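Trainee: With the sequence up front, the predicted model follows.
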Amino acid sequence: MKINDSIQKTTGLVTEKVDSGTSKKTQTSSVSGAAATESVTLSPLSSQLQSLEAKIATQTVYDADTVDAIKTAITNGQFQVDSGKVADGLIQSVKDLLTSVKT
């Protein structure tokens, strides 16, 4: 067993073998006397998306103080679960799922 084979099997990668006897056309372009340069221009929407991604990356997803307070309450045995709120939330989630399936 080769190392490459075991890596491909564990990652699910498949490699294609190219028949060396098959001739393929290759395109070559030459620029006489000058180096070929390529440029890419991004749209303003792309720039806006990049700035939004940067803002999101710096923000916290949750309120750390609230999480710490809940952890402390659970540890001390003082955390109270409002079963009515939990039930209402579950019912609303099911309603949302049912309406999204119908549309």
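Mentor: Cool, got the structure. Numbering: from 1, shown residues only.

Trainee: in the protein, what spans have low per-residue confidence?
Mentor: The model of the chain has pLDDT under 70 over residues 1-35, 103.

Trainee: After the helix or strand encompassing Glu53, heading C-terminal, what element do we hit next?
Mentor: In the assignment (DSSP states H and E), Glu53 maps to helix 44-58. Sequence-wise, the next helix or strand downstream of helix 44-58 (DSSP H and E) is helix 64-76.

Trainee: In three-state terms, label Leu42 for me.
Mentor: Counting by DSSP: H, G, I helix; E, B strand; the rest coil, the backbone at Leu42 sits in coil.

Trainee: To what extent is Val94 buried, counted in neighbours?
Mentor: Using other C-beta atoms under 10 Å, Val94 has 10 neighbouring residues. Just so you know, the C-beta spots here come from the backbone N, C-alpha and C atoms, and that holds for glycine as well.

Trainee: what about it, helix or strand, and which?
Mentor: According to DSSP H and E, Val94 maps onto helix 83-102.

Trainee: CA atoms only: put the helix holding Glu53 into PDB for me.
Mentor: What follows is helix 44-58, C-alpha atoms only, in PDB (Å, rounded to 0.1, in the frame of the first residue of the first chain):
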ATOM      1  CA  PRO A  44     -18.000  47.700  -6.300                       C
ATOM      2  CA  LEU A  45     -20.400  45.000  -5.000                       C
ATOM      3  CA  SER A  46     -17.400  42.700  -4.500                       C
ATOM      4  CA  SER A  47     -15.600  45.400  -2.500                       C
ATOM      5  CA  GLN A  48     -18.800  45.900  -0.400                       C
ATOM      6  CA  LEU A  49     -19.000  42.200   0.300                       C
ATOM      7  CA  GLN A  50     -15.400  42.100   1.400                       C
ATOM      8  CA  SER A  51     -16.000  44.900   3.900                       C
ATOM      9  CA  LEU A  52     -19.100  43.300   5.300                       C
ATOM     10  CA  GLU A  53     -17.200  40.000   5.700                       C
ATOM     11  CA  ALA A  54     -14.500  41.900   7.600                       C
ATOM     12  CA  LYS A  55     -17.100  43.500   9.900                       C
ATOM     13  CA  ILE A  56     -18.800  40.200  10.600                       C
ATOM     14  CA  ALA A  57     -15.400  38.500  11.400                       C
ATOM     15  CA  THR A  58     -14.700  41.100  14.100                       C
END
